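A.B. asks: Prediction below, plus the sequence it came from.
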Amino acid sequence: MLSASGTSTGTVTVGKSGRPMGRRRVAGDALMGYAFIAPAVVLFALFQGYPIIRGLTIAFSDYRYLIPDWQPFNGVDNWIQMSRDATFWAALSRSATYTALYAPGIIVCGLAAAGLISAFRGPAEAGTYRVIAYLPVVLPIAVALLLWRQLLNNQFGYVNYFLRNVLHLPAAPNWLGDAAWVIPTLVIAAVWKQVGQTILLFLIGIYGINREMYEAAAIDGAGPWRKFRYITLPLLRPTFVLVLVLSAGVLGTVEESLIFFPTEYGPRNAALLIGRYSYDVAFRLGDLRWGYAAAISLTVGIISMLLSALVFRTLRGERLE
Amino acid sequence: MRDATAAYNEQMRSKGVQVELEDTATGWEQKVLAMIKDKSLPWSAHGYAPFFNQYSYIKSGLATPIDDWVKSSPVPWAKDMKSAYYAPNIDDVNRFEGKLYFIPMKLNIHLLGYRKDYLKEVGLQAVPDTWDEFEKVLGDVKKALASKDVIPFAMRKEFYRTLGTAYVTRREKFFDDKGVINLDTPEFYDTINMYNRWFKNGLITPDSFIAPDDISAWEKGKIFAGIDSHSWIRQAKKIWGVEAAAGSLPPQPAKTDKPRTWMHVDSGFIFPGAPMPQEGTDWLLSILGPDGGPAEQWWGKVITFSGSPVHKTMFDKFVVKNQDYPEIADSYKAIANSPILPVIIGSSYGAVQTKVWPWMEQFWGGQISDKEAVAGAMKDVQEEMQKSLLRPQ
């Protein structure tokens, strides 16, 4: 029997059958609960669980799609091959560079924009800027990146036209034609596309900070930087954790490379990131080696999980009881 | 292909045979392979196998030999296919390991496409015949059009167009029996060193490295010339007019009456386990044949989207008198001298396309020597091919 507060009071009522009615009700409640979650569990099992298990079995096989009925189990051969694959290591290194640029980029831009938006007290103003900030996130990624590809064209793009003809810079970067600029360019486009999400996350955190703390700090003579450094930043720690964990997932990104360089890998393969390599191994190169590609993707996934665990361990701090 | 099939259906109505054409979806190869395995294939034939995919189509079981169906076909041309082709070597490339797999649907001839109006500014009406003379013209164009930011020469960022075609003009047989391209030859060194010189002299720049899917610099008039498929010329004529753009066979190492260029054939084929393979073969033979209403519908339009007819009759009918694209008729004189790429080249196509260019970029960028570039490219191509179980053994 449930009390008004919703907690069990421990009373047992015996029904007609002689069995305790409380246990039957609990069992009935449990069945009802399972019934409610069943559709979600079934959908998860079908569209997430089965693919995960299937992906794992493929990763430990030499599954080659172009060869009919060829899926022999090959143990750890894929990983042995990976250890000797210079292209894999080069692509992973580029992806690590990409992630190392993306994470601070999205945090700095997201936090800066969130700080500016949070300064608006009026809900209409703040709401307008929140919508504007989030618009790139809802834009289809192919549209967004093709737009950037046009903007960054070395000869005809608006960005270099502006740099050369308005700012009169002696030389504008060849964003997609110079190997040194390719990864930063992919990062810029990706950060622009996703920063809206980070802005909202930081805004949620900032809005959740008690204003009285800032007032108390002001009374103590703290200026804007000290308030930011000693109040805002520490209290946004959970948001930093979340943003960094999400950033770890970009290690395996493929869209930027695929859309900017759909049929090649850029100057000196500068855009051959690990996600793109896995994609091409599976769907474009040679025998379409799904086994090897799955092993690469599994490896990248494990690395991302380890990075996330490192973030949790380092930044999570003590739980507040 | 729709118009050709409509004409075929009209012709076959009294015989109770009708062909329904469906558009090819992205990623169809995997779906069809699965259907072949399940014996649930609804289609009999496919009208378009790019030459570089033909090897993997055969090896993966997507294309089946059609000798028997050709032999029993009522289509008159099927009795003696070879004699109808413009040149006998066109027949050779439809076969693999002695069996006939493909019926050609277009011949692709790589050409030099250039801006005639830019050429006139240096006092010429036509491009010269040899690479040395052409290089001089590029230098003159660079000087004359510097104010318009026109880059003299474009280079496709892959092997098979600009780089490969220039190589073919110097060396006829550039691949081995397993279809692996041999780059360690004097002719290839001549080719890459020629381009290296052009790069150093500003006749090619990184801005004229053209991605396979982006010819905007050419379309915007910032390039004088490039070596490519005919679509390069056709697109320029569409934008700038037939008087402003022109095409010709690529320059040759020396003046010759036996010029060479890159050629390959795209084709139609039959699926294994197809529900109606004989009817599918008859359809392909009819719409891709040397005569008849359906074939005229096809060949009459093929030069407007990419490629040329393979039959003498269709050459006479649609190419010789074509005022818009006279360069296509002129290019046929190279057919007898040129290696039309055989099916087996497809075994190394993917590896060559992805592995050669980055090494050439490093060489032209001054980071490595030509020997290092060639050695590195060949090693990478071989390593990539070793990963494939479908490679020629």
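C.D. replies: Sure, I can see it. Here the structure is a predicted model, which is why all the values come from computation and not from measurement. Numbers count the residues shown, from 1 in each chain, chains lettered A, B, ... in the order given.

A.B. asks: Show me the shaky parts of the chain.
C.D. replies: You didn't pick a chain, so chain A it is. A:1-27, A:317-321 (pLDDT under 70).

A.B. asks: wrong one, chain B
C.D. replies: Those would be none, if you go by pLDDT under 70 across chain B.

A.B. asks: Find the residue at the geometric middle of it.
C.D. replies: B:Asn108 (3.8 Å; C-alpha atoms, centre = their mean).

A.B. asks: Tally up the residues packed near B:Gly27, please.
C.D. replies: If you count neighbours by other C-beta atoms under 10 Å in any protein chain shown, B:Gly27 ends up with 9. (C-beta placed from N, C-alpha, C; glycine too.)

A.B. asks: so the closest residue to chain B within the stretch 51-200 of chain A, which of the three states?
C.D. replies: Closest residue of the stretch 51-200 of chain A to chain B, C-beta to the nearest C-beta: A:Leu66 (4.0 Å). Three-state call for A:Leu66 (DSSP: H, G, I helix; E, B strand; the rest coil): coil.

A.B. asks: I'd assumed B:Lys59 was in contact with it.
C.D. replies: Yes. Between A:Leu66 and B:Lys59 there is a contact under C-beta atoms under 8 Å: 7.1 Å.

A.B. asks: Spatially nearest residue to the residue of the stretch 51-200 of chain A closest to chain B (excluding sequence neighbours)?
C.D. replies: Closest residue to A:Leu66 apart from its sequence neighbours, by C-beta to C-beta, 6 or more residues apart in numbering or on different chains: B:Ser60 at 4.0 Å.

A.B. asks: How about the residues of chain A by chain B?
C.D. replies: A:64-70, A:153-156, A:174, A:177-178, A:261-265, A:267-269, A:283-289 (C-beta under 8 Å from any C-beta of the partner chain).

A.B. asks: mind listing which of the residues you listed are in helices?
C.D. replies: A:Phe283 (DSSP state H).

A.B. asks: coming back round to it: quick one, what contacts the residue nearest to A:Leu66?
C.D. replies: By C-beta atoms under 8 Å, 6 or more residues apart in numbering or on different chains, the contact set of B:Ser60 is A:Leu66, A:Ile67, A:Pro68, B:Glu29, B:Leu33, B:Leu390.

A.B. asks: What sits closest to B:Tyr8 if chain neighbours are left out?
C.D. replies: B:Tyr8 sits nearest to B:Pro294 (C-beta to C-beta, 6+ apart), 4.0 Å away.

A.B. asks: In the stretch 1-150 of chain B, what residue spans correspond to helices?
C.D. replies: B:2-12, B:28-38, B:51-60, B:67-71, B:81-84, B:89-92, B:116-120, B:131-144 (DSSP state H, counting those that start in this stretch).

A.B. asks: before we move on, the earlier item: phi, psi for the residue of the stretch 51-200 of chain A closest to chain B please.
C.D. replies: phi -70, psi -10 (degrees, to the nearest 10).

A.B. asks: Tell me how many other residues crowd it.
C.D. replies: When neighbours are counted by other C-beta under 10 Å, A:Leu66 comes out with 22.

A.B. asks: if I look at B:Ala87, how far off is chain A?
C.D. replies: Using C-beta to the nearest C-beta, to the nearest Å, B:Ala87 is found at 31 Å from chain A.

A.B. asks: got a list of what the closest residue to that residue other than its chain neighbours touches?
C.D. replies: Distances taken as C-beta to C-beta, 6+ apart place B:Ile335 nearest to B:Ala87, at 4.6 Å, with adjacent residues excluded. By C-beta under 8 Å, 6+ apart, B:Ile335 lies in contact with B:Tyr86, B:Ala87, B:Asn89, B:Ile90, B:Leu107, B:Ile109, B:Met263.

A.B. asks: would you list those residues in CSV and tack on neighbour count?
C.D. replies: Putting the contacts of B:Ile335 into CSV (neighbours: other C-beta atoms under 10 Å in any protein chain shown) gives the following:
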residue, neighbour count
B:Tyr86, 21
B:Ala87, 18
B:Asn89, 18
B:Ile90, 20
B:Leu107, 26
B:Ile109, 25
B:Met263, 25
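
A.B. asks: Tell me which of these fall in strands.
C.D. replies: Among the contacts of B:Ile335, the ones falling in strands (DSSP state E) are B:Leu107, B:Ile109, B:Met263.

A.B. asks: List the buried residues for stretch A:51-64?
C.D. replies: A:Gly55, A:Ile58, A:Ala59, A:Phe60, A:Ser61, A:Asp62, A:Tyr63, A:Arg64 (16 or more other C-beta atoms under 10 Å in any protein chain shown).

A.B. asks: what's the answer for stretch B:288-304, then?
C.D. replies: For stretch B:288-304, by 16+ other C-beta under 10 Å, it's B:288-292, B:294-299, B:302-303.

A.B. asks: likewise stretch B:14-33?
C.D. replies: Buried-residue list, stretch B:14-33, by 16+ other C-beta under 10 Å: B:Val19, B:Leu21, B:Glu29, B:Val32, B:Leu33.

A.B. asks: Out of these, which comes closest to chain A?
C.D. replies: B:Leu33 (7.0 Å).

A.B. asks: Quick check: the gap between that closest one and A:Ser61.
C.D. replies: 17 Å (C-beta to C-beta, to the nearest Å).
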